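**Q** Sequence and predicted model, in that order:
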Amino acid sequence: MRIGYLVNTYPRPSHSFIRREIAALENHGVEIHRLAMRGDAGALSDPADLAEHARTERVLEAGARRLLADLARQGAARPAALA
């Protein structure tokens, strides 16, 4: 099973519960795609948080061009799902 885990800003020092939840799901064989709208690596000092930051895709950092290109590609591949 593969799921996406979407959070507004991830990781944050206060997100240890999310990190534990993701780890528990992965221990059960679930593949997790970490997505955050934004990240703040400067606020992180814990090595586990820094590792999560490296594994997390930040949506807004991708930029509008990539987001629109991904939307167009998905729409062409699965037009009914896009509608």
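**A** Received it, and whenever you're ready, just let me know what you need.

**Q** Give the buried residues for the helix or strand of the chain with the lowest mean pLDDT.
**A** The weakest-scoring helix or strand in the chain, judged by mean pLDDT, DSSP states H and E, is helix 79-82 (a mean of 86). Within helix 79-82, no residue qualifies as buried by neighbour count (16 or more other Cβ atoms under 10 Å). (C-beta placed from N, C-alpha, C; glycine too.)

**Q** Return the list of helices and strands in contact with it.
**A** If contacts are counted by 3 or more Cβ pairs under 8 Å, 6 or more residues apart in numbering; DSSP states H and E, helix 79-82 sits against helix 64-77.

**Q** tell me what the helix it packs on is packed against?
**A** Counting contacts by 3+ Cβ pairs under 8 Å, 6+ apart, helix 64-77 is packed against helix 79-82.

**Q** ok, residues contacting the helix it packs on?
**A** Leu71, Gln74, Gly75 (Cβ atoms under 8 Å, 6 or more residues apart in numbering).

**Q** Please repeat the previous calculation with a cut-off of 7 Å.
**A** Counting by Cβ atoms under 7 Å, 6 or more residues apart in numbering, helix 79-82 makes contact with Gln74, Gly75, all of which sit outside it.
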